[in-house]
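Chemist: would you be able to build a 3D model of this:
(chains A and B)
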Amino acid sequence: MVPHSSMRPVRVRFAPSPTGSLHIGGLRTALFNWLFARHQGGKFILRIEDTDQKRFDPTALTTLTEALRWAGLQWDEGPEVGGEFGPYVQSERLEHYQKWANWLVENEKAYKCFCTPERLKQVNEDKEVRGEPKGYDRNCRNLSAEEAASKEANGESYVIRFKMPLDGKTVVTDAVRGEVSFDNATQQDLVLLKSDGFPTYHLAHVVDDYLMQISHVMRAIEWFPSYPFHVQLWVAFGWEIPIYAHLPIMLNPDGSKMSKRNPPIDKHGNPIPVMVHDYIPNGYLPEAMTNFLANIGWNFGDDREFFTMQEAVERFDLTRINPANSRYPAEKLDWLNGQHIMALSTNELAVRLKPYIERAGLAVKDDLLARVTPLVQERIKRLDKVVEIAGFFFRDEFQPPTAEMLPQKKMSAEQTKSALEQSHRLISELSDFNTQVLHEAMEKLAQELKLSNGQLFGVIRVAVTGQQVSTPLFETLDILGRESALTRIQLALDILSKKSEQVILQP
RNA sequence: GCCCCAUUCGUCUAGAGGCCUAGGACGUAGCCCUCUCAAGGCUAAAACAGGAGUUCGAAUCUCCUAUGGGGCACCA
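Modeler: Now for the predicted structure:
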């Protein structure tokens, strides 16, 4: 049994490597850490694991913090905010790793390995031929002190490898999966410190989690196989081991691994974005995104799937984490996004809608937007869709319908024309011009014209909005105003008559 | 190939030996409401991977098989 810490102040960390924008899988890992920290009244720390010099991307850190802030996952310690255990960027902490790697060597828990990459490759190839498991053959583990010293004096470059126990078992206790036993004989003497003086993940995470007093390590399942190695590292150092919780991962809808190279595809064959930054211009609310992610691999505890982050914080606990991987339930995000849009106050929704309308090249007058917003609130599942359904309110130039769009189901050209003429007359004669008056008068007119409401209202809708699908008609007319309504109806009439002329002219 | 993990409707999930005739949600289909589209309401189809055990009783415990996934770097 391996000792685990308990009763320590809760300190958790999200430790991405800055290789680009944040992946939604990464966002979920961050979210679970954040929820846990908030629930426990602990600290959520952001640490940047940039120890791979080959994959350095200077813009990635900004993109990363932007994505976390967008999602509302503010960190208590880390880049941009500081903290007493800094620096929080691993490339600025090299002295720690070198110090502790050397400590392990001095205490004979690690050794210098002078094997070249070529030899390592050869070893693996030979092993493959013989049908043996791959891995380093521990050639340098038994080098005498003199041999090692002389190689080093010769200027041969080396890495530092951990001396993994050669037999016995390492039993780990994962908070999600329980006890799991590994044979030490199947484990490797992994590299702790690379020849360029940078640590590998294995060393860096243990040293940093120790120095930063991390109480719980919640990380993705791909780390599970190296968990026994990490446990032995903690033991070698003689440090108290934090509680580990390995989170399941999200798979593509078809069950394959989610990655940039293998992007998920929705049921219509369209690619599903995997980067957080792709969701922002698509009109997704951060609260919907986090709500969505919280429902994958974790559940609220009763049958609710729609909840706020505050509610999730109150309920979050490790015992409800499902150990199985899950496929990405893309449709649920749209539903939840719609739910969150409906839950917003009108004012708040208007504020969020504005940039999407402007991005479509339209000018937004705030008073107009305030009146349009309630009309779209329960009709859009994504913020950017406001342009589709209500963009006509904001366009300087009206885009009129074609003549073919005007007649509604089973209406003759004559009926359509008369519907427009009578509506025009009615609207111009109305003493009051508002939603209710319009509604009553138009219903009456439909009866007189022996048209269904759908037919009459549909014709006017198309005439006035230029589209078959729109916000509700009478509210729309009210906002547009009488003048504009009359002008557009007249225009529809003109369009209709032009068409009939053309018909006559045709042989 | 080796090591490890997982497996409940199409998908996300509830389920800790009898409350299971397996519940909820998304999606799908139908109906209702209805000026379009939504929203909302109602209804329907839809699952314990397979096989052996243990037990009076198994979705729940054990084993085997299958399938899926993770890992086997001087990447994280």
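
Chemist: these two touch, right, A:Asp76 and A:Gly82?
Modeler: No. At 10.0 Å, A:Asp76 does not count as touching A:Gly82 under the criterion of Cβ atoms under 8 Å. No exception for glycine: its C-beta is placed from N, CA and C like everyone else's.

Chemist: so for the two, which sits in the more crowded spot?
Modeler: Between A:Asp76 and A:Gly82, A:Asp76 has the larger neighbour count (other Cβ atoms under 10 Å), namely 15 against 11.

Chemist: ok, the residue lying closest to the more buried one once chain neighbours are set aside - contacts?
Modeler: Distances taken as Cβ to Cβ, 6 or more residues apart in numbering put A:Lys43 closest to A:Asp76, at 4.5 Å, once the chain neighbours are dropped. Residues near A:Lys43 by Cβ atoms under 8 Å, 6 or more residues apart in numbering: A:Pro9, A:Val10, A:Arg11, A:Val12, A:Ala37, A:Asp76, A:Glu77.

Chemist: one more: A:Ile45?
Modeler: Per Cβ under 8 Å, 6+ apart, neighbours of A:Ile45: A:11-14, A:75-78, A:83, A:85, A:88, A:212, A:214.

Chemist: generate a PyMOL selection restricted to the buried entries among these.
Modeler: Those of the contacts of A:Ile45 that count as buried under 16 or more other Cβ atoms under 10 Å are selected in PyMOL with:
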select buried, chain A and resi 11+12+13+14+75+77+78+83+85+88+212+214
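
Chemist: among the contacts of A:Ile45, name the ones in strands.
Modeler: Of these, the ones assigned to strands by DSSP state E are A:Arg11, A:Val12, A:Arg13, A:Phe14.

Chemist: tell me where chain A has strands.
Modeler: Assigned by DSSP E, the strands in chain A fall at A:11-14, A:43-46, A:110-113, A:159-162, A:169-174, A:178-183, A:191-193, A:216-220, A:243-247, A:250-251, A:326-327.

Chemist: as TSV, these with mean pLDDT and distance to RNA strand B would be great.
Modeler: TSV is the format used below for the strands of chain A (pLDDT from 0 to 100; distance: least, Cβ to the nearest atom of the strand, whole Å):
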stretch	mean pLDDT	distance to RNA strand B
strand A:11-14	98	11
strand A:43-46	98	13
strand A:110-113	96	7
strand A:159-162	97	5
strand A:169-174	94	8
strand A:178-183	93	4
strand A:191-193	97	4
strand A:216-220	97	8
strand A:243-247	96	8
strand A:250-251	92	6
strand A:326-327	94	4
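
Chemist: let me know which of those is tucked in deepest.
Modeler: Counting by mean count of other Cβ atoms under 10 Å, strand A:11-14 has the highest mean neighbour count of the strands of chain A, with a mean of 26.

Chemist: that one packs against which elements?
Modeler: In terms of contacts (3 or more Cβ pairs under 8 Å, 6 or more residues apart in numbering; DSSP states H and E), strand A:11-14 is packed against helix A:24-40, strand A:43-46, strand A:216-220.

Chemist: closest one to A:Tyr111 among those?
Modeler: Among the helices and strands packed on strand A:11-14, strand A:216-220 comes nearest to A:Tyr111, with 26.2 Å by Cβ to Cβ.

Chemist: just the CA trace of that closest one, in PDB.
Modeler: The C-alpha coordinates for strand A:216-220 follow below in PDB (Å, rounded to 0.1, in the frame of the first residue of the first chain):
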ATOM      1  CA  HIS A 216      -4.800  16.300  -5.400                       C
ATOM      2  CA  VAL A 217      -3.500  15.500  -8.900                       C
ATOM      3  CA  MET A 218      -6.400  15.400 -11.300                       C
ATOM      4  CA  ARG A 219      -5.200  14.600 -14.800                       C
ATOM      5  CA  ALA A 220      -6.200  12.800 -17.900                       C
END
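
Chemist: name the helices or strands packed onto that strand?
Modeler: Judged by 3+ Cβ pairs under 8 Å, 6+ apart, the packing partners of strand A:216-220 are strand A:11-14, helix A:24-40, strand A:243-247.

Chemist: contact partners of it?
Modeler: A:10-13, A:15, A:25, A:29, A:32-33, A:36, A:175, A:205, A:209, A:242-247, A:249.

Chemist: could the strands of chain A go into TSV alongside distance to A:Asp278?
Modeler: Listed next are those as TSV, based on distance: least, Cβ to Cβ, whole Å:
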stretch	distance to A:Asp278
strand A:11-14	20
strand A:43-46	22
strand A:110-113	42
strand A:159-162	38
strand A:169-174	32
strand A:178-183	36
strand A:191-193	35
strand A:216-220	20
strand A:243-247	22
strand A:250-251	15
strand A:326-327	19
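
Chemist: closest to A:Ser259 out of these?
Modeler: For the strands of chain A, the distance to A:Ser259 is smallest for strand A:250-251, at 10.4 Å, taking Cβ to Cβ.

Chemist: distance from the chain centre to the closest one, please.
Modeler: Relative to the centre of its chain, strand A:250-251 is centred 13 Å away, using Cα atoms, centre = their mean, to the nearest Å.

Chemist: try stretch A:340-348
Modeler: 21 Å.

Chemist: returning to that earlier point: need the helices and strands packed on strand A:11-14 in TSV (columns: distance to A:Glu311).
Modeler: Formatted as TSV, the helices and strands packed on strand A:11-14 follow (distance: least, Cβ to Cβ, whole Å):
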stretch	distance to A:Glu311
helix A:24-40	11
strand A:43-46	18
strand A:216-220	20
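
Chemist: the helices in the stretch 51-200 of chain A, which residues?
Modeler: Secondary structure of the stretch 51-200 of chain A (DSSP state H, counting those that start in this stretch): helices at A:60-70, A:94-106, A:117-129, A:145-153.

Chemist: for these, which has the smallest mean pLDDT value?
Modeler: Among those, helix A:117-129 has the lowest mean pLDDT, at a mean of 87.
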